[in-house]
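Sequence and computational prediction follow.
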Amino acid sequence: MRIDWDALRAEAQRMTELAYVPYSKYPVGAAALVDDGRMLSGCNTENASYPVGLCAECGIISELAKSGGGKLVAFVCVDGRGELIMPCGRCRQLLNEHRHESLVVWTPEGRKPFEEVLPQAFGPENLAEWGQRP
Ligand code: THU
């Protein structure tokens, strides 16, 4: 599938303008492409109870489910200046759960296969080994 990385990054940047960040003042926008061509995006949404704030990636994962599921093939996130940033550790785990095997992440060091972003990830296959996968 052809990936329009510039469009993906532009959407992530647009999302930073919608971020709700009264506490950190650090807007994040994220965008992802699904294997059927849908583009999803999200912004961080903080909370007076600081630890329960939502990362931009959370919006993407929720939208993925509600818009029909599928697997992520491309992902990018940026800060309020439009600079590329790495997804936080927890969100790398979220991406792992819903990634296509070909998922590529646009990092500050270039576009990398997901396996380089979260090496040796723990994932659904670990549970499957124990017969616990639905
Ligand atoms: N943040 C994200 O939205 N995604 C990330 O991958 C990194 C961190 C947000 C969480 C918080 O609202 C702000 O950035 C500062 O940590």
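Arrived safely. Numbers count the residues shown, from 1 in each chain.

can you pull the alpha-carbon coordinates of the helix or strand of the chain with the lowest mean pLDDT into PDB?
Least confident element among the helices and strands of the chain, by mean pLDDT, DSSP states H and E: helix 124-128 (a mean of 92). Taking Å, rounded to 0.1, in the frame of the first residue of the first chain, the C-alpha atoms of helix 124-128 are listed here in PDB:
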ATOM      1  CA  PRO A 124      -1.100 -11.500  22.300                       C
ATOM      2  CA  GLU A 125       1.000 -14.500  21.200                       C
ATOM      3  CA  ASN A 126       2.400 -14.800  24.700                       C
ATOM      4  CA  LEU A 127      -1.100 -15.400  26.000                       C
ATOM      5  CA  ALA A 128      -1.900 -17.700  23.100                       C
END
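
So for that helix, what gets flagged as buried?
When neighbours are counted by 16 or more other CB atoms under 10 Å, no buried residue of helix 124-128 is found. Using the backbone N, CA and C atoms, a C-beta is placed for each residue, glycine as well.

again with stretch 75-95
Neighbour count says stretch 75-95 has 75-79, 84-85, 87, 91-92, 94-95 buried, by 16+ other CB under 10 Å.

For the most centrally placed residue in the chain, which three-state class applies?
Centroid-nearest residue in the chain, with CA atoms, centre = their mean: Glu57, separated by 4.1 Å. For Glu57, the assignment made with DSSP: H, G, I helix; E, B strand; the rest coil gives helix.

Chain neighbours aside, what residue packs nearest to it?
Among residues not flanking Glu57 along the chain, Cys91 sits closest, at 3.9 Å (CB to CB, 6 or more residues apart in numbering).

what's the answer for Cys58, then?
Spatial nearest neighbour of Cys58, chain neighbours left out: Gly42 (6.6 Å); criterion: CB to CB, 6+ apart.
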